[in-house]
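# 3D model of this:
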Amino acid sequence: MKTFVTILGLASMVALAACDSKQENKVENAYENQADALDNQADNMEAMADNLTGNAENAAENAADALENKADATREAGEKAADAVEKKH
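Numbering: from 1, shown residues only. As a prediction, this is how the structure comes out:
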């Protein structure tokens, strides 16, 4: 499911890229790259959680969820920053 959402998001970005300025795309891409790194960290944490049990597993899963939330917030911040760049032009 996460792969489908990522592909859908990338397709949306490509479709919108034609309308956006280069500077807007640069800002949004920087945030997107940071969010992707956070998602990768979350994936690694979830994989580690699969090898744990009990409280350690729960802690790792909670940490992964927190990273995913941070990635989502980063993407949202990137969209807002890109919109701000677009409004300046």
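
# count of neighbours near Asp50?
By the criterion of other C-beta atoms under 10 Å, Asp50 has 9 neighbours. C-beta: built from backbone N, CA, C; applies to glycine.

# On the pLDDT front, check it for me.
If you check Asp50, the pLDDT there is 92.

# Helices of this protein, residue ranges please.
Here the chain has its helices, by DSSP state H, at 2-17, 22-50, 54-88.

# how close does Ala81 get to Leu38?
Between Ala81 and Leu38 the computed distance is 16 Å (C-beta to C-beta, to the nearest Å).

# out of the two, which sits in the more crowded spot?
Of the pair Ala81 and Leu38, Leu38 is the one with more neighbours under other C-beta under 10 Å, namely 20 against 15.

# Quick check: the more buried one touching Lys70?
Yes. Counting by C-beta atoms under 8 Å, Leu38 touches Lys70, with 5.3 Å between them.

# Lowest-scoring secondary structure element of this structure by mean pLDDT?
In the chain, no helix or strand scores lower on mean pLDDT, DSSP states H and E than helix 2-17, which sits at a mean of 52.

# pLDDT weak spots in the chain?
Within the chain, the stretches with pLDDT under 70 are 1-20, 89.

# Find the centremost residue of it, please.
Ala35 (3.3 Å; C-alpha atoms, centre = their mean).

# can you count the residues close to Glu28?
23.

# Once you drop chain neighbours, what's closest to it?
Closest residue in space to Glu28, ignoring its immediate chain neighbours: Ala82 at 3.9 Å, by C-beta to C-beta, 6 or more residues apart in numbering.

# what residues are up against the residue nearest to the centre of the chain?
Each residue near Ala35 by C-beta atoms under 8 Å, 6 or more residues apart in numbering is listed here: Ala71, Asp72, Thr74, Arg75, Gly78.
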